[in-house]
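Peer 1: any chance you could fold what I've pasted below:
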Amino acid sequence: MVTNLLTASHQWRNRPADERFSNLSDLKNAVLNRRNISYEGVIDTQRLSVSPVRDSISLKYDSQDLTMTHWSFGQLCNLAGAPASYLRTLPADLVSQNLNYALPKARESAKILLTTNGNTEVRAFTSASYGRIWDIDVVRAVENLCEQNSSWHNPPSYRRTGTDGTKMENAGLYASDRDVFMFLIDEDHPIEVRNERLSRGLFIWNSEVGKSSFGLTTFLYRYVCGNHIVWGAENVKEIRIRHSLNAPSRAFSEMMPVLKKYIESSTGYETSTIKKAMEYRPAINKESTLEWLQRQGFTKAISENAYDYAIREEGEGTSLWNIVQGLSAMARDRKHIDTRVDLERQAGKLLNMAVN
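Peer 2: Modelled structure (predicted):
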């Protein structure tokens with residue numbers, strides 16, 4: 001399926017100046033400095049208390065005073081079973097009363113993420129089994145791979161300051177107190193698909209505080225414009241790892257090897273795989289295509305939808321390439337992330353049949 005990806009453009013439009021970085025080294029230093037003043041632990045939620053202080057609130061754990069970020073306040077409210085959006089509209093004394101009433105009824109323990117920089121600030125309240133993947137570990141791994149494969153870089157974009165809307169600056173690298181996001185491309189090693197020259201790109205993101213999963217999206221594309229819309233993307237694949245207990249080990253045993261292989265892989269190999277997938281026809285018509293997909297483990301409904309998507313997007317639904325593109329297109333229309341990722345993984349396994 002040929003599509004346009006808006007994820008990087010959304011980041012470019014919405015990030016403030018202090019969350020934008022022009023190169024991986026600066027991004028790494030920012031998240032490293034944050035990691036150096038951060039620590040985590042499991043706390044007894046019954047020992048949390050809240051009190052009003054002027055127009056705000058103060059949080060205490062035993063006798064220690066803690067401040068909260070906007071994000072961690074929302075997580076504290078969620079922990080207490082109270083609506084954060086409503087509590088933010090109340091006076092500080094009512095917020096304190098509500099939370100102090102609800103917190104003793106919350107689950108007994110939670111994992112807390114703190115930073116110490118003059119005062120002690122809570123960045124996150126998560127479940128005690130939350131598996132934190134540190135931003136610095138992700139950024140450092142990406143930087144190391146890009147240093148070894150210098151054709152990969154973050155693309156330039158239009159400047160977003162002053163009157164220089166048509167001038168370009170390096171962009172695509174972002175970090176806040178909630179997450180990190182990287183957009184990288186390789187334009188030096190194009191891939192031939194249907195007599196077109198496509199480049200490779202990727203998004204990789206993470207959140208230390210529970211805002212999102214750890215994820216990787218890889219794709220081929222025709223070009224990237226100045227506002228970071230990715231035009232004419234194909235072969236879009238996505239992997240996500242939830243921050244469960246085993247997430248840190250899975251991140252570096254499952255995700256990073258995929259990223260390493262993608263960045264280091266020969267474009268000749270990828271071109272050959274795509275060509276073989278286009279030539280390989282596991283079926284001759286709709287009926288045999290549906291039967292073949294069901295033998296691969298897909299339900300009848302998914303098989304029929306995938307074939308219809310392949311016809312709509314590619315004009316034909318019996319080549320392996322078109323079938324995979326149909327599955328990928330169907331996956332991107334799914335609202336639930338888990339369903340989408342599962343379909344994309346299954347589609348990726350089918351593509352491997354072209355080289356086996």
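Peer 1: quick one, helices of the stretch 201-350 of the chain?
Peer 2: For the stretch 201-350 of the chain, the helices defined by DSSP state H, counting those that start in this stretch cover 247-250, 256-264, 267-279, 286-295, 300-314, 320-332, 337-352.
Peer 1: include distance to Asp18 when you put those helices into TSV, please.
Peer 2: No exception for glycine: its C-beta is placed from N, CA and C like everyone else's. Listed next are the helices of the stretch 201-350 of the chain as TSV, based on distance: least, CB to CB, whole Å:
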stretch	distance to Asp18
helix 247-250	28
helix 256-264	27
helix 267-279	37
helix 286-295	49
helix 300-314	40
helix 320-332	32
helix 337-352	29
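Peer 1: pick the most deeply packed of these.
Peer 2: Highest mean neighbour count of the helices of the stretch 201-350 of the chain: helix 320-332, a mean of 25 (counted as mean count of other CB atoms under 10 Å).
Peer 1: Gly172: which of the helices of the stretch 201-350 of the chain is closest?
Peer 2: helix 256-264 (15.4 Å; CB to CB).
Peer 1: which residues sit against that closest one?
Peer 2: 141-142, 145-146, 148-149, 152, 186, 200, 202, 204, 216, 218, 239 (CB atoms under 8 Å, 6 or more residues apart in numbering).
Peer 1: where in the chain is pLDDT low?
Peer 2: Residue ranges of the chain with pLDDT under 70: 1-2, 161-166, 337, 354-356.
Peer 1: isn't Gln11 right next to Tyr174, touching?
Peer 2: Yes - when contacts are counted by CB atoms under 8 Å, Gln11 is listed as touching Tyr174 (5.5 Å).
Peer 1: hang on, the earlier thing: need the max-distance pair from the contacts of helix 256-264.
Peer 2: Of all pairs in the contacts of helix 256-264, the most separated under CB to CB is Gln148 and Ile239 at 21.2 Å.
Peer 1: more neighbours, those two?
Peer 2: Ile239 (19 against 11; other CB atoms under 10 Å).
Peer 1: beta-bridge partners for that one, please?
Peer 2: Using DSSP bridges, the beta-bridge partners of Ile239 come out as Leu216.
Peer 1: do you have the helices of the stretch 51-200 of the chain handy? List them.
Peer 2: Applying DSSP H, counting those that start in this stretch to the stretch 51-200 of the chain gives helices spanning 70-80, 84-87, 92-102, 135-148.
Peer 1: which of those helices is buried the deepest?
Peer 2: Mean neighbours per residue, mean count of other CB under 10 Å, is largest over these for helix 70-80, with a mean of 20.
Peer 1: what sits against Thr67?
Peer 2: The contact partners of Thr67, by CB under 8 Å, 6+ apart, come to Ser58, Leu59, Asn119, Thr120, Glu121, Val122.
Peer 1: repeat that for 7 Å
Peer 2: Asn119, Glu121 (CB atoms under 7 Å, 6 or more residues apart in numbering).
Peer 1: next one: Cys146
Peer 2: Neighbours of Cys146 in contact, by CB under 7 Å, 6+ apart: Leu24, Trp152, Leu184.
Peer 1: could you export the residues you listed to TSV, including columns for distance to Ser72?
Peer 2: Shown next, in TSV, are those (distance: CB to CB, whole Å):
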residue	distance to Ser72
Leu24	27
Trp152	34
Leu184	30
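Peer 1: what about those, which are in strands?
Peer 2: Trp152, Leu184 (DSSP state E).
Peer 1: for the closest residue to Ser157 other than its chain neighbours, grab phi and psi.
Peer 2: What sits nearest to Ser157 in space, not counting adjacent residues and going by CB to CB, 6 or more residues apart in numbering, is Ala171, at 3.9 Å. Torsion angles at Ala171 (phi, psi; degrees, to the nearest 10) stand at phi -150, psi -170.
Peer 1: can you check the one 5 residues further on too?
Peer 2: Taking degrees, to the nearest 10, you get phi -130, psi -170 for the backbone angles of Ser176.
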